[in-house]
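# sequence first, then the predicted structure, then my questions.
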Amino acid sequence: MPYADQRNVEANAVVVGPPGNTGVLQSVAMTSGQILVGKTGYPPAATTLDSSDGSLVVTTGPGTIDVTVAPSVRKCVITLSCGATNISTNPSYYSAADASTGDFASALVFTPYKGIARHLSVSRNGFPATTPTDTLRYYDGTSVVDSALAVTFPSGANAVVLGTGSTEVVLDAGWPIEMKSTETSATRHAATFEFEEVPP
């Protein structure tokens, strides 16, 4: 076997053979939790495992690497509507393709998991001159709450969107939700909002 000069090898480092089995041995120093990754034609490199899309959680330590699957986060769009029912009484309430003048008296929609509600959009049929406000409401097991997600129609508008700003509302799993509207023009309303799970 050809002679290999063992000088210049770092303490506690991984020793790598020289190209062509001749010349100086090389060493690769590593820190806690690093691994060697090969590279064709070149010495391997010390690197740390990572997850570019966040689907894995990598925890490193002295002589250890722990890899776990990151919890998945569910997202959905929730729609609440009057269905075929016109609303003309202030206030009126709508939820699961139904509307009523009674609070939480129409068919209900429930939150599928604990999550963050944001980006509320509301539309109505026609272009009435009224300027109603539609507000997302929920029942938290103790009381009915008007949330911070609310939009007001300009006169003659048939749709309004709450922008992508910082207005967000956290809702627990299984809470009944509805929209409250101050509409008086006998129109039908539909509301949608994004709902993103809060990991346990």
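That came through, no problem.
# point to the helix or strand of the chain where mean pLDDT is at its lowest.
Lowest by mean pLDDT, DSSP states H and E among the helices and strands of the chain is strand 4-5, with a mean of 52.
# where does pLDDT dip in this structure?
By pLDDT under 70, the low-scoring segments of the chain are 1-8, 19-25, 163-166.
# helices of that one, residue ranges please.
Here the chain has no helices by DSSP state H.
# domain ranges for it?
Structural domains annotated on the chain: 4-69, 75-197, as defined by automatic domain parsing.
# redo those as CSV? Include mean neighbour count.
Where you see a C-beta, it was placed from the backbone N, CA and C, and this is true even at glycine. As requested, the domains of the chain are exported to CSV (neighbours: other C-beta atoms under 10 Å):
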stretch, mean neighbour count
domain 4-69, 12
domain 75-197, 17
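# residue 51 contacts residue 59, correct?
No: using C-beta atoms under 8 Å as the test, residue 51 is too far from residue 59 to be in contact (11.4 Å).
# mind listing what the residue nearest to residue 150 when sequence neighbours are not counted touches?
Of all residues not flanking residue 150 in the chain, residue 135 sits nearest, at 4.0 Å (C-beta to C-beta, 6 or more residues apart in numbering). Neighbouring residues of residue 135 by C-beta atoms under 8 Å, 6 or more residues apart in numbering: 146, 147, 149, 150, 179, 180, 181.
# now residue 188
Neighbours of residue 188 in contact, by C-beta under 8 Å, 6+ apart: 81, 82, 83, 84, 85, 86, 87, 99, 124, 125.
# 6 Å instead?
Taking C-beta atoms under 6 Å, 6 or more residues apart in numbering, we find residue 188 in contact with 82, 86, 125.
# separation between it and residue 83?
7 Å (C-beta to C-beta, to the nearest Å).
# same check, this time on residue 147
To residue 83, residue 147 is 22 Å away according to C-beta to C-beta.
# same thing with residue 152?
Distance, residue 152 to residue 83, using C-beta to C-beta: 23 Å.
# try residue 53
Counting by C-beta to C-beta, the gap from residue 53 to residue 83 is 40 Å.
# go ahead and confirm residue 117 touches residue 195.
Yes: Residue 117 is within contact range of residue 195, at 5.5 Å (criterion: C-beta atoms under 6 Å).
# could you pull up the residues touching residue 28?
13, 14, 46.
# change it to 8 Å
13, 14, 16, 36, 43, 44, 45, 46.
# in the residues you listed, find the pair that's most separated.
Across the contacts of residue 28, the longest distance by C-beta to C-beta is 12.8 Å; it joins 13 and 45.
# on that earlier part again, beta partners of the residue nearest to residue 150?
Taking DSSP bridges as the rule, residue 135 bridges to residue 150, residue 180.
# and it, how far from residue 103?
When residue 135 is compared with residue 103 (using C-beta to C-beta), they lie 12 Å apart.
# now for these two: what residues contact both?
Common contacts of residue 135 and residue 103, defined by C-beta under 8 Å, 6+ apart, comprise residue 180.
# if anything else comes up later, I'll come back, but that's it for now.
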